[in-house]
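Participant: sequence? don't have it. structure:
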């Protein structure tokens, strides 16, 4: 099996490209710079990208010129799944890149019959690829480097020379979400929200894992500190945040809370903020994609693997040996990595990315 392939100037022979990037929203967003680089490398090619259906409308707005194929379990219902595989075969792809690398996506890759099939060198699935790429891990929890750069490795294995990872080409202040993707109730709320004073600081504390959750008392302290310094924090609830929001509403004013949003509305809301602070969640990666500086509290996930090495993206963490454990549930009493991480650390991070302390006029 080849580990490096050189196109030798034959890029024009690549006419159809399939990219597979399913599952978590954050992972999908971090992959998009590599998708854009493929568009630059093969400007004449048709580019298809398989994404989980809930993310498809947002992703299609962030990578114009790429055909996003929404996938769900229902996609395989036709003819016991044979219709899905016929579709993959009928497209006659020249190149497939599988960024997920699970047994199902490996089978999809093989089913295309593409002459170039790039995927990870993993047991029980490397058979599907003829160009193997090492995965971005030394072990289960030890990443070799930032995930965004690692998603460029399949391009390098093709002999391409992609630019260093960058979250996106979006310029600050540029509207990226057309209004036809935004609901009337959201637009009505946005009109009243934009009448506020101070810089809008987006706060997202979603925690799909219990170990990612930052304690509510720290969130309240951060909001109150920002308000006390003349800023306009906006707490944006995500899926599964209902209980957290209920608790926070007992201590914070109603105008701190954004309404429930779909993903295009979330992208629009974030693009109208000055900075983001929150947990390592999909919303944080979307904030980076629309041009915001970010301040992220890290506990079970590894900041070296999931936070860009850039002064605009600050990671806040405790100096503990167990940091980046990848555990869904903490075995230590008190969950020290996040329980003992105070709001003052996040405030200091916001001062760094905003280039001036919160509350100081431009």
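Facilitator: That came in fine, so what should we check first? Keep in mind that what you see is a predicted model, and the values were worked out from it rather than measured.

Participant: List the buried residues in stretch 84-102.
Facilitator: Neighbour-count burial for stretch 84-102, counted by 16 or more other Cβ atoms under 10 Å, picks out 84-85, 88, 91, 93-102. Yep, even glycine has a C-beta here, placed from its N, CA and C like the rest.

Participant: now those residues in TSV, with pLDDT and secondary structure?
Facilitator: Output for the buried residues of stretch 84-102, formatted as TSV (pLDDT from 0 to 100; DSSP: H, G, I helix; E, B strand; the rest coil):
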residue	pLDDT	secondary structure
84	89	helix
85	91	helix
88	93	helix
91	95	coil
93	97	coil
94	96	coil
95	96	strand
96	97	strand
97	97	strand
98	97	strand
99	96	coil
100	94	coil
101	92	coil
102	93	coil
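
Participant: which pair in these spans the largest distance?
Facilitator: The widest separation within the buried residues of stretch 84-102, taken as Cβ to Cβ, falls between 94 and 102 and amounts to 23.2 Å.

Participant: Please enumerate the strands of this protein.
Facilitator: For the chain, the strands defined by DSSP state E occupy 16-20, 46-52, 67-71, 95-98, 116-120, 131-133, 200-204, 232-235, 275-279, 294-297, 313-316.

Participant: now these in JSON lines, with distance to residue 225?
Facilitator: Shown next, in JSON lines, are these (distance: least, Cβ to Cβ, whole Å):
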{"stretch": "strand 16-20", "distance to residue 225": "42"}
{"stretch": "strand 46-52", "distance to residue 225": "37"}
{"stretch": "strand 67-71", "distance to residue 225": "40"}
{"stretch": "strand 95-98", "distance to residue 225": "44"}
{"stretch": "strand 116-120", "distance to residue 225": "43"}
{"stretch": "strand 131-133", "distance to residue 225": "45"}
{"stretch": "strand 200-204", "distance to residue 225": "11"}
{"stretch": "strand 232-235", "distance to residue 225": "9"}
{"stretch": "strand 275-279", "distance to residue 225": "11"}
{"stretch": "strand 294-297", "distance to residue 225": "13"}
{"stretch": "strand 313-316", "distance to residue 225": "14"}
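
Participant: ok, how many other residues are close to residue 330?
Facilitator: Using other Cβ atoms under 10 Å, residue 330 has 20 other residues around it.

Participant: I'd say it and residue 212 touch.
Facilitator: No. At 10.2 Å, residue 330 does not count as touching residue 212 under the criterion of Cβ atoms under 8 Å.

Participant: shared neighbours of those two, which are they?
Facilitator: Common neighbours of residue 330 and residue 212, counting by Cβ atoms under 8 Å, 6 or more residues apart in numbering, are residue 300.

Participant: what's near enough to touch the closest residue to residue 130 other than its chain neighbours?
Facilitator: Distance criterion Cβ to Cβ, 6 or more residues apart in numbering; nearest residue to residue 130, sequence neighbours excluded, is residue 117 at 5.4 Å. Residue 117 is in contact with 95-96, 98, 109-110, 128-131, counting by Cβ under 8 Å, 6+ apart.

Participant: Just the closest of those residues to residue 229, please.
Facilitator: Relative to residue 229, the closest of the contacts of residue 117 is residue 98; by Cβ to Cβ it sits at 47.0 Å.

Participant: check contacts around the closest one.
Facilitator: 20, 105-106, 108-109, 117-120, 128-129.
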